[in-house]
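1. here is the input, now give the coordinates:
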Amino acid sequence: MNFFEKLKKMFGEEKKKSVVRINEGEILNWFGGKEEEDKEILSEKLISFYEELGGVLKEIEAAIGVLRGVDISERKIEDRYKVITEVGKKDYISALEELISGLGERKEGDFSLEHIRGELNKFLKVEVKAKFKATQLIGKEVGAIDNLVSSIKRRVNKFLNENETFFLKRKEIKHLGAAFGLINKNKYEKDKLAKKIYEFEEEVKSSKNRIEEIDGEIERIKESPEFSNEKELKSLKETKNQEIASIDSEIKILLDKSLFEKELYLEEDKKKANFIKKYLSEPISSLMEDERMEIIDYIKKIKEGESGTIVLKESKLKKLQEGIDSLEKLKTRRKELGKNIEELEKSIGETISEKEIHSLEQEKSQKEQEINEREHLIEKIKEKKKTLEEKIISLKNEFEEQMKENNEVEIAWKV
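-> Numbering: from 1, shown residues only. Okay, here's the model as predicted:
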């Protein structure tokens, strides 16, 4: 049988009082009122108890006087037994005087009985050995005092038994006070979580508003004349880059790699061999750096059979002639395109719209990441808050049931 079942059994036959309904905000005042009421009742109960205790302590003091007056010096017994008895008597009296001093210090409330029990237990721990020595020759006087000490214990037990209902009720009130404190503690934690959820939701709201602003700013930039101009410049640059790529491809075809590799194999002139090697490894840059267009002269020599010993087919000769006719024009056009692209890059570099968009998109990405992190945290906190809410409901139900059953009090909780 648990504590509350025992209480229920004890009060089960009492006539039920009308249930009092109090608001949640009045609970602490209710506990305070009960505490003051119980303190007053306990104080009145302890008045008579301490009067009885005072009478017993006076009897013990009188018995100590009798014990002090016992003279065993003339008894016919070995001196060593007399010494043991005297030492025991002295220690026993000292322990009794400490007990009287301790019990004479009145304590208030529940602590009073605990204090009495504590003093008795302290006395019993030290008096055993002393009492054993003293009772060797003066057992009658020690026994009388021992009976008086035992009567204190009996009075304490009698007081507790007679007031068992009262003390159980006080214990229940303290238990309920602790239960209400636990409810408030969990509510405080729940409110902290609710506040944190609100703060994070406001941060998410602010970040979403900022993303909308960023989208608007990007849209305005894209609709601006500057952005359109920048876009056209980039498109033109891309077109010219594509033309350069086409020219490079054509140059590589005209500078027949297989033919130059054969020429390199047959070329005995070291300077010319290095010239061919450079064109083989870097045909485009070699052509652009070839200010005097020596490559055309070399191709002419190949065509005319003045270089190496290769006999060329008609198709090869035709290709070489195309190279002679086209390479310089292609080179000139490539240079023009390069200059055009440089000018376009300079113009593009002076515009800031693309940089602004990039900066805004970076900020938007950061805000989106913050939103994801906050929303993840919000979900976790909401789960924790829900668990706390369920726990609070359970604690409230248990608390309200106990208040109603044992105290005739019904609680009107805040919504």
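2. and I324, how far from K278?
-> Remark: distance between I324 and K278 (Cβ to Cβ, to the nearest Å) = 19 Å. Heads up, the C-betas are built off the backbone N, CA and C, glycines and all.
3. mind checking which of these two has more residues around it?
-> It is I324, of I324 and K278, that has more neighbours when counted by other Cβ atoms under 10 Å, with 17 against 14.
4. and E291, which of the three is it?
-> With DSSP: H, G, I helix; E, B strand; the rest coil as the basis, E291 sits in coil.
5. now do L388
-> Strictly by three-state DSSP, L388 counts as helix.
6. ok, it touching D191?
-> No: using Cβ atoms under 8 Å as the test, L388 is too far from D191 to be in contact (9.7 Å).
7. so which of these two has more stuff around it?
-> L388 (18 against 12).
8. ok, now which ones touch the more buried one?
-> Each residue near L388 by Cβ atoms under 8 Å, 6 or more residues apart in numbering is listed here: N186, E189, K190, L193.
9. give me the below-cutoff pLDDT ranges for this structure.
-> Residue ranges of the chain with pLDDT under 70: 1-18, 108-111, 128, 130-137, 259, 262-268, 302-323, 349-352, 415.
10. the domain parsing of it - what is it?
-> Structural domains annotated on the chain: 26-162, 186-404, as defined by automatic domain parsing.
11. so where's the longest helix in this structure?
-> Longest helix in the chain, counting residues (DSSP state H): helix 164-222.
12. past it, which element shows up next along the chain?
-> helix 225-254 (DSSP states H and E).
13. which parts of that following helix are buried?
-> Under the neighbour-count criterion of 16 or more other Cβ atoms under 10 Å, helix 225-254 has F227, E230, L233, K234, K237, K240, E243, I244, I247, E250, I251, L254 buried.
14. residues in contact with the fifth one?
-> Going back to what we said before, that points to K237. K237 is in contact with I341, L344, E345, I348, counting by Cβ under 8 Å, 6+ apart.
15. could I get those as TSV with neighbour count, secondary structure and distance to I357?
-> What follows is those, written out as TSV (neighbours: other Cβ atoms under 10 Å; DSSP: H, G, I helix; E, B strand; the rest coil; distance: Cβ to Cβ, whole Å):
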residue	neighbour count	secondary structure	distance to I357
I341	17	helix	22
L344	19	helix	19
E345	13	helix	18
I348	16	helix	13
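16. returning to that earlier point: which other helices and strands contact the longest helix of the chain?
-> Judged by 3 or more Cβ pairs under 8 Å, 6 or more residues apart in numbering; DSSP states H and E, helix 164-222 is in contact with helix 3-11, helix 27-69, helix 353-407.
17. what's the first helix or strand after the first one?
-> So that's helix 3-11. Using DSSP H and E, the helix or strand that follows helix 3-11 towards the C-terminus is strand 20-23.
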